[in-house]
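K.L.:
Just a sequence and a predicted model for now, questions to come.
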Amino acid sequence: SKPSTEDEEADEDKPIKFSTSKASHRTWKVKQSMGSQYERPWWKVLPVAVFGVVFLLWCSLREETDIDTRLSQQLYERLPGLLPDEPEEEVS
C-alpha cells in the first residue's frame, strides 16, 4: 500500500529527528564519508607527526632571545610617542 500524497506532505512538514537521521553519531563513520581510499599509510603520517612534536618541543625548550624580550614589551614602551604628553581634563 502506497502512502497517499497527503501523508507525504504531512511528513515533509515535520522536522527530521536527528537521532534517526544519517548524520547521527550512531550511524555516521569517517570511512563512510571519506572512503577507505583516503586513509594514509603510517610511513606518510609518521614523519609529519614526529616533525610536529619536535618543533613544539623546540619552541617550548629553547632559550629566550633578544627578539622574544622585545616582542613581550608593551606597545607604549616600544613607541613612547603614542601616549599624549599631558593628560586630558574631563569636561562635566
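P.N.:
Perfect, thanks for sending it.
K.L.:
alpha carbons only for contacts and neighbour counts from here, please
P.N.:
Will do.
K.L.:
which residues in this structure form helices?
P.N.:
Listed in chain order, the helices of the chain (DSSP state H) span residues 5-13, 30-34, 42-61, 66-71, 75-78.
K.L.:
can you list those in a markdown table and add mean pLDDT and distance to residue 84?
P.N.:
Formatted as a markdown table, the entries for the helices of the chain read as follows, by pLDDT from 0 to 100; distance: least, CA to CA, whole Å:
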| stretch | mean pLDDT | distance to residue 84 |
| --- | --- | --- |
| helix 5-13 | 67 | 64 |
| helix 30-34 | 65 | 58 |
| helix 42-61 | 94 | 38 |
| helix 66-71 | 88 | 23 |
| helix 75-78 | 82 | 11 |
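K.L.:
would you turn the ones you listed into TSV with mean neighbour count?
P.N.:
Shown next, in TSV, are those (neighbours: other CA atoms under 10 Å):
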stretch	mean neighbour count
helix 5-13	10
helix 30-34	10
helix 42-61	10
helix 66-71	10
helix 75-78	11
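K.L.:
Make JSON lines out of those and add distance to residue 22.
P.N.:
Shown next, in JSON lines, are the helices of the chain (distance: least, CA to CA, whole Å):
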{"stretch": "helix 5-13", "distance to residue 22": "17"}
{"stretch": "helix 30-34", "distance to residue 22": "11"}
{"stretch": "helix 42-61", "distance to residue 22": "30"}
{"stretch": "helix 66-71", "distance to residue 22": "50"}
{"stretch": "helix 75-78", "distance to residue 22": "52"}
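K.L.:
show me what contacts residue 82?
P.N.:
Taking CA atoms under 8 Å, 6 or more residues apart in numbering as the definition of contact, the neighbours of residue 82 are residue 76.
K.L.:
try 6 Å this time
P.N.:
The neighbourhood of residue 82, defined by CA atoms under 6 Å, 6 or more residues apart in numbering, contains no residues.
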